[in-house]
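In: curious how this folds, go ahead:
(3 chains)
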Amino acid sequence: MNKLLPDRSKQNNFFICDITDTFKDDMSSMEHPIFSLNKAIDTRVLRYERNNVVIEVSPSVKGLATIYDKDILLYLASALVNAKNNNEAISKAVKFSAYDYLAATNKSFGGTQYQVFKDGLERLAGTRIQTNIKTNSVEITSNFGLIESFTIIKENSKSKAIAVEVVLSDWFYNSILGNEVLTIHRDYFRLRKPTERRLYELARKHCGNQPSWKIKLSTIQEKLGITSQLKQFRFNMRSIISDNHLPEYNIQMENDVVTFTRKQSPKPISNYQFSKITKEDKVDKPSPIRKKDSDMPILDEYALARRRFGDAAVIPEEYVELLKSQGRW
DNA sequence: AAGGCAGGTACCACCCTTTG
DNA sequence: CAAAGGGTGGTACCTGCCTT
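Out: The predicted model follows:
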């Protein structure tokens, strides 16, 4: 019987960068499964091709980064975004303690957790992504890791806290500078099954604030990155549906069509918080999205707004007005 | 063909102990 | 008491064999 993990968190919200969605522009509808759902070491090369854009995810000998390893990136994104919102200086190199990470992501503090944490860092650093995204009709092939490097610093003087310094890749860091922030429900970290975690991500992204969203079972299997047979996946889906653990969304399945519905009525859109942007913040400051030193593809405001308010949702006029007043629309 | 089922592998939580 | 480490058992995805 699959039970939710205990809730150890005291925080209400968790800000993340939705890093699997940062290959924007011509790839806006892409949901490439970058992270492995398999618990066994996964050394496959994942390849995705669409409209002459090729994305390849290659593991190191340690295997592909898993969906659990992604927690590290979520934690880092959260920490950086919070620091940025507090007007603190941020950089690509981030130092933090393993204990803080475990606490923030609802994990226990057993010795194995520290080992798992270290293995996760290795997989994150080892997993390489290669893509040939075109910018200004120049095709550039770039190859980068999920994180650039990491250093474990053991402090044995006063505390035993294991400090870790992670250097983020440009790709990830720029997505934070670009303010690509969504809030995920804290119960995400209580989801035990990798499949459940991916399902929540998909629901969050595609269903958003819409009342419902339908997708074929075989399509969702592909988007999730599930490689087992369809019959096996169908069986697993039934058990996930009967568990009904996903925060914010219900799932139903009929004739191999999966339907997501909101658990509660969506928040009134005028109360929707779009990543803490207020008029006061923005008017006299350049938009972080338009950072000059950002060499990543710039998201257009429309795509950004669509992301915030859901693909089919109407973008609130006041938000459009806000953007217009800043010359960003 | 399609579903049932068990085994492999690694991960994670739980419990307990050690360390400062 | 908080932080870190170790051992053990449950869990999840995938694979492949077996049954219907």
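In: give the buried residues for stretch A:112-120.
Out: Within stretch A:112-120, the residues that count as buried by 16 or more other CB atoms under 10 Å are A:Val116, A:Phe117, A:Gly120. C-beta: built from backbone N, CA, C; applies to glycine.
In: for those residues, which one is nearest DNA strand B?
Out: The nearest member of those to DNA strand B, counting by CB to the nearest atom of the strand, is A:Val116 at 3.3 Å.
In: once you drop chain neighbours, what's closest to the closest one?
Out: Distance criterion CB to CB, 6 or more residues apart in numbering; nearest residue to A:Val116, sequence neighbours excluded, is A:Tyr68 at 7.6 Å.
In: surely A:Asp187 meets A:Lys263?
Out: No. The criterion here is CB atoms under 8 Å, and A:Asp187 misses it with A:Lys263 at 11.1 Å.
In: of the two, who's got more company?
Out: Ranked by neighbour count (other CB atoms under 10 Å), A:Asp187 and A:Lys263 place A:Asp187 first, with 18 against 11.
In: per-residue confidence for the more buried one?
Out: Listed pLDDT for A:Asp187 reads 80.
In: any idea how far DNA strand B is from it?
Out: 13 Å (CB to the nearest atom of the strand, to the nearest Å).
In: separation between that residue and A:Arg128?
Out: Separation of A:Asp187 from A:Arg128 (CB to CB, to the nearest Å): 32 Å.
In: same question for A:Lys92.
Out: In terms of CB to CB, A:Lys92 sits 18 Å off from A:Arg128.
In: checking A:His245 next. Helix, strand or coil?
Out: coil (DSSP: H, G, I helix; E, B strand; the rest coil).
In: neighbours of it, how many?
Out: 20.
In: one step back: overlap in contacts of A:Asp187 and A:Lys263?
Out: Common neighbours of A:Asp187 and A:Lys263, using CB atoms under 8 Å, 6 or more residues apart in numbering, are A:Pro247.
In: thinking again about what came up before, burial count for the residue nearest to A:Val116?
Out: A:Tyr68: 20 neighbours (other CB under 10 Å).
In: and the one 4 residues further on, by the same measure?
Out: The criterion is other CB under 10 Å. On that basis, A:Ile72 has 23 neighbouring residues.
In: now swap in A:Asn86 and tell me
Out: By the measure other CB under 10 Å, the count of residues near A:Asn86 is 8.
In: gap between it and A:Ile251?
Out: In this view, A:Asn86 and A:Ile251 are 37 Å apart by CB to CB.
In: show me where pLDDT drops low in chain A?
Out: Chain A contains residues with pLDDT under 70 at A:1-32, A:50-51, A:133-140, A:154-161, A:179-182, A:264-329.
In: and it, which of its residues are near DNA strand C?
Out: Listed as neighbours of DNA strand C in chain A under the rule CB under 7 Å from any atom of the strand: A:1-3, A:37-40, A:97-99, A:109-112, A:114-115, A:159-162, A:192-196, A:225-229, A:232-233, A:236.
In: now which of these would you call buried?
Out: Among those, those classed as buried by neighbour count (16+ other CB under 10 Å) are A:37-38, A:97-99, A:162, A:193-196, A:225-227, A:233, A:236.
In: which one of these is nearest A:Leu46?
Out: A:Gly225 (7.4 Å; CB to CB).
In: you'd agree the closest one is up against A:Phe35?
Out: Yes. The pair A:Gly225 / A:Phe35 is scored as a contact, 7.5 Å apart, by CB under 8 Å.
In: just send the buried residues of stretch A:112-120 back as TSV, with distance to A:Ser169 and secondary structure too.
Out: Shown next, in TSV, are the buried residues of stretch A:112-120 (distance: CB to CB, whole Å; DSSP: H, G, I helix; E, B strand; the rest coil):
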residue	distance to A:Ser169	secondary structure
A:Val116	22	helix
A:Phe117	19	helix
A:Gly120	16	helix
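In: which of those residues come close to DNA strand B?
Out: Answer for the buried residues of stretch A:112-120 near DNA strand B (CB under 7 Å from any atom of the strand): A:Val116, A:Gly120.
In: picking that back up, of the buried ones among the residues of chain A next to DNA strand C, which belong to strands?
Out: Among these, the ones falling in strands (DSSP state E) are A:Ser97, A:Ile162.
In: list just the nearest of the buried ones among the residues of chain A next to DNA strand C to A:Glu49.
Out: Out of these, the member with the shortest distance to A:Glu49 (by CB to CB) is A:Gly225, at 15.3 Å.
In: in contact with that closest one, which residues?
Out: With contact set as CB under 8 Å, 6+ apart, A:Gly225 has these partners: A:His32, A:Pro33, A:Phe35, A:Ser36, A:Leu37, A:Leu46, A:Arg198.
In: which among those count as buried?
Out: Among these, those scoring as buried are A:His32, A:Pro33, A:Phe35, A:Ser36, A:Leu37, A:Leu46, A:Arg198 (criterion: 16+ other CB under 10 Å).
In: which of the residues you listed lies closest to DNA strand B?
Out: A:Ser36 (9.4 Å).
In: residue contacts, that closest one?
Out: With CB under 8 Å, 6+ apart, A:Ser36 has these contacts: A:Asp42, A:Arg44, A:Pro59, A:Gly63, A:Leu64, A:Ala65, A:Thr66, A:Ile67, A:Gly225.
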